[in-house]
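Engineer: Show me the folded form of this:
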Amino acid sequence: MKIIEGGVTTAKGFKAAGYGAEIKYKNRNDMAMIFSQVPCSTAGVFTSNVVKAAPVMWDKVITREKGVAQAVVVNSGIANACTGKQGEDICRKTAEVAGKELGIPYDTVLIASTGVIGMQMPMDRVQKGVEALAGIIADTKEAGTEAAKAIMTTDTYSKEIALEFEVGGKTCHIGAMAKGSGMIHPNMCTMLCFVTTDVAISHDMLQKALSSVVVDTYNMISVDGDMSTNDSLMILANGMSENPEITAEGADYDSFYEALNTLCTEMAKKHAADGEGATALFECHVINADTKQNARILAKSVICSSLTKAAIFGHDANFGRILCALGYSGVDFDPDKVILSLESKAGSVNVYKEGTPIDFDEEAATKILSEKEVTAFVDMQAGTEEATAWGCDLTYDYVKINADYRS
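Structural biologist: As a prediction, the model looks like this:
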């Protein structure tokens, strides 16, 4: 398995495009389309927020009940959330237009939206965008990149990845595009991710893999503690690599799972690093916890702590904030066993050991915390389980961005 250049058009048979339909934004692309030449097995995981956007409800039916999809239509600028019956109708109408233009059943078209909650979608612009996209979709890397750019909101860069790996003696590919910079605190996953692969795999095994992978990847990131109404992670598998179809666990399933896990891990880290206003990716790696679930809870608690995030922004080795976040996580542990260190490419510094602060070089610690990627290592000395969570620092710009988001 290796990471290669590309995104959603890397896998065989997939095309994409971006287009400026002026849904809300002016002078930029704000709609994207992904299309497979043949029908795909599909699977999805979605926000657990009780308030769910209309596209989420549309997609849950297709990915969970139908299990077959062939296209995705995405817009940025307006989330189509909290929009009532009109929002639901927009999803169906959008799918019907796409189905007509692409020559596929409307109920194989997945819909996704991101942007301002509570605004109604302008169907005339959506229709124009879908019609235009259907006419310009292409299988080039550039087309995939344009699609990835079109779904950005407060993202500072487009997010893409592609991998090449082998299943059943066949060379296979998997690619993705995603957006998400703020309102990110998944539990499934504003955060959208679309994955395409030419692997032949049944719907049931595809859903099994995705639901499992998300636990230690997308569900282990947070930017601001706010779970979106629109979070969606969906995958389409068209089987064009012609590997023997994966219908059960085994070596072929393991190979696919490893590729999907690597893809989702790398994409999740991109979201965390590009958090609104962020200057650093902040990682917490908990080791030697008593249970896997407790390791996850502890790591997530640290990267979600506003005080710790602010300390990372200030390059301040205030380890008390990390210990505090561990302490209120809900996990029962012995603080006199905890060992804590901070690390980056500038070096490593031990700051706390078994109930006692360590006398460390503050200047060296500041240098370590001034890098673009910073890790807090927490040794619980209570077992053998571990987990990693990813977040970012909390900056002045986060408030500035969100104070006037609707405008």
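
Engineer: Just the helices from this structure, written as ranges.
Structural biologist: Using DSSP state H, the helices of the chain run over residues 54-60, 84-102, 123-136, 141-150, 203-213, 251-273, 292-304, 306-313, 319-327, 362-369, 396-403.

Engineer: Kindly check the end-to-end length of stretch 341-349 for me.
Structural biologist: 6 Å (C-alpha to C-alpha, to the nearest Å).

Engineer: before we move on, what about stretch 325-337?
Structural biologist: End-to-end for stretch 325-337, by C-alpha to C-alpha: 16 Å.

Engineer: What count of nearby residues applies to the nearest residue in space to His203 that is not next to it in sequence?
Structural biologist: Of all residues not flanking His203 in the chain, Gly67 sits nearest, at 3.5 Å (C-beta to C-beta, 6 or more residues apart in numbering). Yep, even glycine has a C-beta here, placed from its N, CA and C like the rest. Look at Gly67: counted by other C-beta atoms under 10 Å, it has 16 neighbours.

Engineer: where does Gly67 land on pLDDT?
Structural biologist: For Gly67, the pLDDT comes out at 96.

Engineer: Gly44 is in contact with that one, correct?
Structural biologist: No: Gly67 lies out of contact with Gly44 (C-beta atoms under 8 Å); the separation is 10.2 Å.

Engineer: what sits in contact with each of the two?
Structural biologist: Gln207 (C-beta atoms under 8 Å, 6 or more residues apart in numbering).

Engineer: about what we covered before: got a markdown table for the helices of the chain, with distance to Lys337 and mean neighbour count too?
Structural biologist: Converted to a markdown table, those look like this (distance: least, C-beta to C-beta, whole Å; neighbours: other C-beta atoms under 10 Å):
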| stretch | distance to Lys337 | mean neighbour count |
| --- | --- | --- |
| helix 54-60 | 42 | 22 |
| helix 84-102 | 51 | 18 |
| helix 123-136 | 57 | 18 |
| helix 141-150 | 45 | 23 |
| helix 203-213 | 31 | 19 |
| helix 251-273 | 28 | 21 |
| helix 292-304 | 13 | 22 |
| helix 306-313 | 20 | 21 |
| helix 319-327 | 11 | 20 |
| helix 362-369 | 23 | 16 |
| helix 396-403 | 34 | 13 |
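
Engineer: In a markdown table, list these along with mean pLDDT and distance to Glu385.
Structural biologist: Formatted as a markdown table, the helices of the chain follow (pLDDT from 0 to 100; distance: least, C-beta to C-beta, whole Å):
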| stretch | mean pLDDT | distance to Glu385 |
| --- | --- | --- |
| helix 54-60 | 96 | 32 |
| helix 84-102 | 97 | 41 |
| helix 123-136 | 98 | 46 |
| helix 141-150 | 97 | 35 |
| helix 203-213 | 97 | 17 |
| helix 251-273 | 94 | 18 |
| helix 292-304 | 96 | 5 |
| helix 306-313 | 94 | 22 |
| helix 319-327 | 96 | 15 |
| helix 362-369 | 96 | 26 |
| helix 396-403 | 77 | 32 |
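
Engineer: got the ones you listed as TSV, with distance to Asn29 columns?
Structural biologist: Listed next are those as TSV, based on distance: least, C-beta to C-beta, whole Å:
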stretch	distance to Asn29
helix 54-60	19
helix 84-102	17
helix 123-136	9
helix 141-150	4
helix 203-213	27
helix 251-273	20
helix 292-304	32
helix 306-313	32
helix 319-327	39
helix 362-369	37
helix 396-403	21
